[in-house]
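> pasted the sequence and its predicted model underneath.
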Amino acid sequence: MYDWLNALPKAELHLHLEGSLEPELLFSLAERNKIALPWSDVDALRSAYAFGNLQEFLDLYYRGADVLRTEQDFYDLTWAYLQKCEEQNVVHTEPFFDPQTHTDRGVPFEVAMRGISDALADGRELLGISSGLILSFLRHLPEEAAFKTLEQAMPFRDAFFAVGLDSSEVGHPPSKFERVFAKARAEGFLAVAHAGEEGPPEYVWEALDLLKVSRIDHGVRAAEDPRLIARLIEEQIPLTVCPLSNTKLRVFDDMSQHNILELLEQGVKVTVNSDDPAYFGGYVTENFMALHDSLGMTEQQARRLAQNSLDARLAD
Ligand SMILES: Nc1ncnc2[nH]cnc12
Ligand SMILES: [Zn+2]
């Protein structure tokens, strides 16, 4: 019934590699690395995936990422995600990687970087999936820590094409990172940022005007500000929307209330993405399916959304 959705060629532009860590892989990495887990089995872990907001999810996401220790672990994580891409006709992907999630617990920057880069290279060669990596700063940490992360990344500068901004949004506006984004842009990187997920429309304005981003990640709360919507349409700034994430994190109470199709019909360049698929119940195709089931998305709308994702690519 959903084969036609799965068959659409798509790009994924909002995916946290650490959020694609499926419970089965999480348990097998814990065993390989001799790490004790607080959950008795995969089902017990899955049943903990009930979130009241972004922070409740992030607490579990950072806890889960602790099983990632070796270059092979990061390779296996990335390769499992790329195999999903192949299954779902995701022909291009621009994943986020949060170095501070790993360096802050003693995993060297280069360990994560090498495992991920090798898997992305194999994805290109063996699966024909093109990709570009986005180095994302954790916004709940100081800007100084982001500067340090950028510095650590410079020996690997060819491994990524853009910087991003994620983690706890409210209370950590884009303006907090204006200087480090300026430095990254001066070094030749593009910029994207999470804004308007839980945070207000002002954060989307700041991401555009201060961080000079090429895309907004989420951005669904921009709908509260008609002037902002007019600008997004005028400049055709893409929004990387994540429907299942938004309902799991209670940005919308129910998928039937999601605004992605209204934004699409207004002329905003919205795309469909999975964010943290292992935690939110599905990859890109399942996100498209949810829009079909709960919002009555038509085939023509699905085709436009998929085309938007291809048009909004930033990496070669
Ligand atoms: N949805 C999300 N928002 C902010 N930071 C994140 N890190 C992983 N998923 C995220
Ligand atoms: Zn995200």
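Sure thing, it's come through. Ligands and ions are numbered 1, 2, ... in the order given.

> so what pairs up with the residue in the stretch 151-300 of the chain positioned nearest to ligand 1 in the strands?
Across the stretch 151-300 of the chain, the shortest distance to ligand 1 (CB to the nearest ligand atom) belongs to Asp166, at 3.6 Å. Backbone N, C-alpha and C define where each C-beta goes, glycine included. Beta-bridge partners recorded for Asp166 (DSSP bridges): Leu138.

> quick check, it in contact with Phe97.
No: counting by CB atoms under 8 Å, Asp166 stays clear of Phe97, with 10.3 Å between them.

> overlap of the contact sets of those two?
16, 136 (CB atoms under 8 Å, 6 or more residues apart in numbering).

> does Ser274 touch Asn287 like I think?
Yes: in this structure, Ser274 is within contact of Asn287 by CB under 8 Å, at 5.7 Å.

> find residues that contact each of the two.
242, 244.

> now stretch 164-178: how far from the chain's centre is it?
Here stretch 164-178 shows a centroid-to-chain-centroid distance of 15 Å under the convention CA atoms, centre = their mean, to the nearest Å.

> end-to-end on that stretch?
One end of stretch 164-178 to the other measures 12 Å (CA to CA, to the nearest Å).

> got a list of contacts for it?
So stretch 164-178 is contacted by 16, 54-55, 58, 96, 98, 134-141, 143, 146, 181, 191-195, 197-199, 202-203, 206-207, 210-211, 217 (CB under 8 Å, 6+ apart).

> let's see 6 Å
55, 96, 134, 136-140, 143, 192-194, 197-199, 203, 206-207, 210-211 (CB atoms under 6 Å, 6 or more residues apart in numbering).

> so which strand or helix has the closest residue to Asp41 other than its chain neighbours?
Spatial nearest neighbour of Asp41, chain neighbours left out: Phe27 (7.5 Å); criterion: CB to CB, 6 or more residues apart in numbering. Take DSSP states H and E as the rule and Phe27 turns out to sit in helix 23-32.

> what is the neighbour count of Lys34?
Using other CB atoms under 10 Å, Lys34 is surrounded by 7 other residues.

> list the contacts of it.
Lys34 touches nothing, counting by CB under 6 Å, 6+ apart.

> the residue nearest to Asp41: neighbour count?
Using other CB under 10 Å, Phe27 is surrounded by 17 other residues.

> ok, it to Ala44 distance?
With distances taken as CB to CB, to the nearest Å, Phe27 is found 10 Å from Ala44.

> please apply the same query to Leu120.
For Leu120 relative to Ala44 (CB to CB), the value is 32 Å.

> more neighbours, the two?
Each of Leu120 and Ala44 has its neighbours counted (other CB under 10 Å); Leu120 has more, 26 against 12.

> which parts of the chain sit against ligand 1?
By CB under 6 Å from any ligand atom, the residues of the chain that approach ligand 1 are 16, 19, 54, 61, 166-167, 194, 197, 245, 275-276.

> mind putting those into JSON lines with pLDDT?
Formatted as JSON lines, those follow (pLDDT from 0 to 100):
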{"residue": "His16", "pLDDT": "98"}
{"residue": "Gly19", "pLDDT": "98"}
{"residue": "Leu54", "pLDDT": "98"}
{"residue": "Tyr61", "pLDDT": "97"}
{"residue": "Asp166", "pLDDT": "98"}
{"residue": "Ser167", "pLDDT": "98"}
{"residue": "His194", "pLDDT": "99"}
{"residue": "Glu197", "pLDDT": "98"}
{"residue": "Ser245", "pLDDT": "98"}
{"residue": "Asp275", "pLDDT": "98"}
{"residue": "Asp276", "pLDDT": "98"}
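
> take these and write them to JSON lines, including neighbour count and secondary structure.
Below are the residues of the chain next to ligand 1 laid out as JSON lines (neighbours: other CB atoms under 10 Å; DSSP: H, G, I helix; E, B strand; the rest coil):
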{"residue": "His16", "neighbour count": "25", "secondary structure": "strand"}
{"residue": "Gly19", "neighbour count": "24", "secondary structure": "helix"}
{"residue": "Leu54", "neighbour count": "22", "secondary structure": "helix"}
{"residue": "Tyr61", "neighbour count": "21", "secondary structure": "helix"}
{"residue": "Asp166", "neighbour count": "26", "secondary structure": "strand"}
{"residue": "Ser167", "neighbour count": "20", "secondary structure": "coil"}
{"residue": "His194", "neighbour count": "29", "secondary structure": "strand"}
{"residue": "Glu197", "neighbour count": "24", "secondary structure": "coil"}
{"residue": "Ser245", "neighbour count": "27", "secondary structure": "helix"}
{"residue": "Asp275", "neighbour count": "29", "secondary structure": "strand"}
{"residue": "Asp276", "neighbour count": "25", "secondary structure": "coil"}
